[in-house]
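Trainee: Here is a sequence together with a model predicted from it:
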Number of protein chains: 2
Amino acid sequence: MKFEGKRYHSLWYENEKLKIIDQKALPFDFRVVELATSKEIINAIKDMSLRGAPLIGVAAAYATFFAYRESLTKSDSHYYYETVISKLKRSRPTAVNLQWAVNQIDNAIKMGLEIDRILSFVKNIENNEISCCKMIGDNGVLLLKDIYNIKAHKQINILTHCNAGWLATVDYGTASAPVFRARDNEMDIHVWIGETRPRNQGGKLTAWEYFHENIQHTVVADNSVGLLMRKKLVDIVIVGADRIARNGDTANKIGTYLRALAAKDNNVPFYIAAPMSTIDFSIKTGDSIKIEERDENEVRYIGETPIIHELSPVINHAFDITPAELITGFITERGVYKPQDIKRLAL
Amino acid sequence: MKFEGKRYHSLWYENEKLKIIDQKALPFDFRVVELATSKEIINAIKDMSLRGAPLIGVAAAYATFFAYRESLTKSDSHYYYETVISKLKRSRPTAVNLQWAVNQIDNAIKMGLEIDRILSFVKNIENNEISCCKMIGDNGVLLLKDIYNIKAHKQINILTHCNAGWLATVDYGTASAPVFRARDNEMDIHVWIGETRPRNQGGKLTAWEYFHENIQHTVVADNSVGLLMRKKLVDIVIVGADRIARNGDTANKIGTYLRALAAKDNNVPFYIAAPMSTIDFSIKTGDSIKIEERDENEVRYIGETPIIHELSPVINHAFDITPAELITGFITERGVYKPQDIKRLAL
């Protein structure tokens, strides 16, 4: 995707290193960082220099490959490799893409393939991620076209949450892919972006992406999203996902559930855009999804500035669960599905 | 209420000036500021050095009195007075308490009463505000006691929003009054406080109050409140109000509506605590309530630190409307009422 006229991916492999756009520096600094070791990738995942469930998956595939490559020069190579993989799997608990990608590459390694073949497996995951997002765009834009036609080509308002844009994937994004396709089709669109406390990925990352992609948008405090819907200023909600259970219950950035409730109360269609790799067929409902709690200082401080009374306790939940009954549908690379059809996709 | 062991009101009249606790400096600085003129009071209302619908009402009563007192020494005293009153009424558009209090004092002035009598009308409003809040506590604590008994004296969890504490009134607060009474009754209580973006009155003011009042509490990002309810960590929601329509629709801090939706979805009782002066019997529904939009920089910056991509547009809504059907009841100084009974209180 585009930044100052140049096309980028959110990560790429170059000279045996993984290059990433440092998402902690955005939108104020555009900085490309080199990650040379599995440990550096794990740290980048943990501190959210790279984030977004699909992107974490791809980065984790590279980290698995790096760990294997590093292990070849160690005396206790098996122990070294397994220790890194275990740390990697625990780096972010909620997104299933991470576990999925690690297992894919780990299987290739355990098959005893040559190192170049293993790297090609990693690149397959990367390329597959890109084409999934592109197809999510192809499938999702049809929903936007329907609304656009019903509104007789008056501007349509899309509400999103957090960043499920190209920064959260390798390219195109998930929730953003239909938006980019609508823009390519010269539809008149406007996107509402909640700032997405506590880490402000909406106001920082999604707003930055849409500015550079020339898509009309407005940032609001998360608290505003209900009012926007009551004022009939939202035609459709599209958000990403970190893990989807068999029944359609969906873990996504904290606050997604509140948006789904407001959408239901105002008859606004509510869609999850996510690749199939985000579906965890091993769990029946969202109750089994572990919700990550992150450092309370993410809520307490903006930069160096405290914004909470310093002697008051704080809890920082990173995700919530939106129950399937509040979800209109899932936009995947295979098509658009109702929650009750998710379990059938396992076949 | 208490700060470092000393009892305070949020404002008081002393040596012909209005003294206030500067709420913009809290929780990091406790600073008492003197307001000597009507203009200084209006500016303090506008920049939210003093805020909270009931407190704004009392301050506006003083401002009306100050404007009259100032006008006596002006050549164009009538014009001067009316100009100030007009500015005062426009200083914050959503809370009805401001209009109500200005009209009360304006009527006293137009009756041609002596200046000391007018001041005693202002002090009546102030004292009445205090006793209303105290009675809101008396009425509201009964609801908490019922829940406490049902839970066999296990800790009860109250969720609030923004600051409807003693800082928002003159003393006791509205939503906080039942909490203080529960504490006095040695009930085991814990309060969840959403940080309340964009101005963070929850994390800054309510957390500060509860710390100094020795009430157990935890601050979360606003996005967390749905998750808390789904995890059954909330027994009751109590928030304040800025304006209540005849049908029970309620304007309150932006994000209140989302909390009401989450409460409904999880069968958690949702109460508004407000004095009768917050009810605007002149309007039928919430649709007639003007929603204040404030400076976008309140969303863009925390102190000097930008948190939104600088070239992206921002809208800052200060309030939203919670429809009556999501409200379990209203805790007022006269008792606890269902939404459908609000209109009967006009009689």
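Mentor: That came through fine.
Trainee: residues touching whatever residue of the stretch 1-150 of chain A ends up closest to chain B, list them.
Mentor: Distances between the stretch 1-150 of chain A and chain B by C-beta to the nearest C-beta are smallest at A:P27, namely 4.0 Å. C-beta here means a position set from N, CA and C on the backbone, and glycine is covered the same way. When contacts are counted by C-beta atoms under 8 Å, 6 or more residues apart in numbering or on different chains, A:P27 touches A:K204, A:L205, A:A207, A:W208, B:H309, B:E310.
Trainee: Pull up the residues of the stretch 101-250 of chain A that are close to chain B.
Mentor: Taking C-beta under 8 Å from any C-beta of the partner chain as the criterion, the stretch 101-250 of chain A approaches chain B at residues A:193, A:195-198, A:200, A:203-204, A:207-208, A:210-211, A:217-227, A:230.
Trainee: Among those residues, which ones are in strands?
Mentor: Among those, DSSP state E puts A:I193, A:H217, A:T218, A:V219, A:V220 in strands.
Trainee: so the last one makes contact with B:P313?
Mentor: In this case it means A:V220. No: using C-beta atoms under 8 Å, A:V220 makes no contact with B:P313, being 9.8 Å away.
Trainee: Would you double-check that the residue of the stretch 1-150 of chain A closest to chain B falls in a strand?
Mentor: No: using DSSP: H, G, I helix; E, B strand; the rest coil, the assignment for A:P27 is coil, not a strand.
Trainee: per-residue confidence for it?
Mentor: In this model, A:P27 is scored at 96, pLDDT.
Trainee: what's A:K338 in contact with, if anything?
Mentor: With contact taken as C-beta under 8 Å, 6+ apart, A:K338 is in contact with A:G248, A:T328, A:G329, A:F330.
Trainee: repeat for A:N252
Mentor: A:H161, A:C162, A:V239, A:G240, A:A241, A:D242, A:I272, A:F319, A:D320, A:T322.
Trainee: So for the last one, what pLDDT did the model give?
Mentor: At A:T322 the predicted local confidence, pLDDT, stands at 98.
Trainee: Check the fourth one too.
Mentor: Confidence per residue is given as pLDDT, and for A:G240 that number is 97.
Trainee: quick one: A:I238 and A:P178 touch, right?
Mentor: Yes: here A:I238 reaches A:P178: they are 6.5 Å apart, a contact under C-beta under 8 Å.
Trainee: Between the two, which contacts overlap?
Mentor: A:G140, A:A273, A:I331.
Trainee: Let's have those residues in JSON lines, adding neighbour count and secondary structure.
Mentor: Converted to JSON lines, the shared contacts of A:I238 and A:P178 look like this (neighbours: other C-beta atoms under 10 Å in any protein chain shown; DSSP: H, G, I helix; E, B strand; the rest coil):
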{"residue": "A:G140", "neighbour count": "27", "secondary structure": "helix"}
{"residue": "A:A273", "neighbour count": "29", "secondary structure": "strand"}
{"residue": "A:I331", "neighbour count": "27", "secondary structure": "strand"}
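Trainee: which one of those residues is nearest A:I189?
Mentor: Taking C-beta to C-beta as the measure, A:I189 lies nearest A:G140 of those, at 12.1 Å.
Trainee: surely the closest one meets A:F180?
Mentor: No: using C-beta under 8 Å, A:G140 makes no contact with A:F180, being 9.8 Å away.
Trainee: tally of neighbours for the residue lying closest to A:K232 once chain neighbours are set aside?
Mentor: Excluding its sequence neighbours, the residue lying closest to A:K232 (C-beta to C-beta, 6 or more residues apart in numbering or on different chains) is A:N266, at 7.5 Å. Burial of A:N266 is recorded as 16 neighbouring residues (other C-beta atoms under 10 Å in any protein chain shown).
Trainee: Kindly report the same for the one 5 residues further on.
Mentor: For A:Y271, the neighbour count with other C-beta under 10 Å is 21.
Trainee: Three-state assignment for A:V33, please.
Mentor: Using three-state DSSP, the structure places A:V33 in strand.
Trainee: Show me the residue at the heart of chain A, geometrically.
Mentor: Nearest residue to the geometric centre of chain A (C-alpha atoms, centre = their mean): A:G52, 3.2 Å.
Trainee: Report the two of the contacts of A:P27 separated the most.
Mentor: For the contacts of A:P27, the maximum inter-member distance is 13.6 Å, found between A:L205 and B:E310 (C-beta to C-beta).
Trainee: out of the two, which sits in the busier spot?
Mentor: Legend: neighbour count by other C-beta under 10 Å for A:L205 and B:E310, higher for A:L205 (26 against 12).
Trainee: and the more buried one, what pLDDT?
Mentor: For A:L205, the pLDDT comes out at 97.
Trainee: what's near enough to touch whichever residue of the stretch 101-250 of chain A sits closest to chain B?
Mentor: Residue of the stretch 101-250 of chain A nearest chain B, by C-beta to the nearest C-beta: A:N223 (2.9 Å). The neighbours of A:N223, taking C-beta under 8 Å, 6+ apart as the test, are B:T196, B:R197, B:P198, B:D222, B:K253, B:I254, B:G255, B:L258, B:H317, B:D320.
Trainee: A:I272 now?
Mentor: By C-beta under 8 Å, 6+ apart, A:I272 lies in contact with A:I238, A:V239, A:G240, A:A241, A:I244, A:T250, A:N252, A:T322, A:I327, A:G329, A:F330, A:I331.
Trainee: Can you pick out the ones from the contacts of A:N252 that are in helices?
Mentor: Residues of the contacts of A:N252 located in helices (DSSP state H): none.
Trainee: What segments of chain A are helices?
Mentor: Ranges of helices in chain A, per DSSP H, are A:38-46, A:53-71, A:77-89, A:96-110, A:115-150, A:176-184, A:201, A:207-212, A:225-230, A:256-265, A:297-300.
Trainee: Relative to B:L88, which of those is closest?
Mentor: Relative to B:L88, the nearest member of the helices of chain A by C-beta to C-beta is helix A:225-230, separated by 26.3 Å.
Trainee: Can you check the pLDDT for A:D249?
Mentor: Per the predicted model, pLDDT is 98 at A:D249.
Trainee: Kindly apply the preceding question to A:L347 instead.
Mentor: Note for A:L347: predicted pLDDT of 68.
Trainee: so where's the stretch 101-250 of chain A shaky on pLDDT?
Mentor: Along the stretch 101-250 of chain A, the model assigns pLDDT under 70 to no residue.
Trainee: what's A:R183 in contact with, if anything?
Mentor: A:R183 makes contact with A:I189, A:E213, A:N214, A:I215 under the criterion C-beta under 8 Å, 6+ apart.
Trainee: Neighbour-wise, give me the winner out of the ones in strands among the residues of the stretch 101-250 of chain A next to chain B.
Mentor: These, ranked by neighbours (other C-beta under 10 Å): first place A:I193, 32 neighbours.
Trainee: partners of it in the sheet?
Mentor: Following DSSP bridges, A:I193 is listed with bridge partners A:T160, A:V219.
Trainee: ok, it - contacts?
Mentor: By C-beta under 8 Å, 6+ apart, A:I193 lies in contact with A:T160, A:H161, A:G202, A:G203, A:T206, A:A207, A:Y210, A:H217, A:T218, A:V219, A:V220, B:S312.
Trainee: which ones are touching A:S10?
Mentor: Contacts of A:S10 (C-beta under 8 Å, 6+ apart): A:I20, A:I21, A:L50, A:G52, A:L55, A:W166, A:L167, A:A168, A:T169, A:V170, A:D171.
Trainee: nearest to A:R90, of the residues you listed?
Mentor: For the contacts of A:S10, the residue nearest A:R90 by C-beta to C-beta is A:L50; the value is 16.5 Å.
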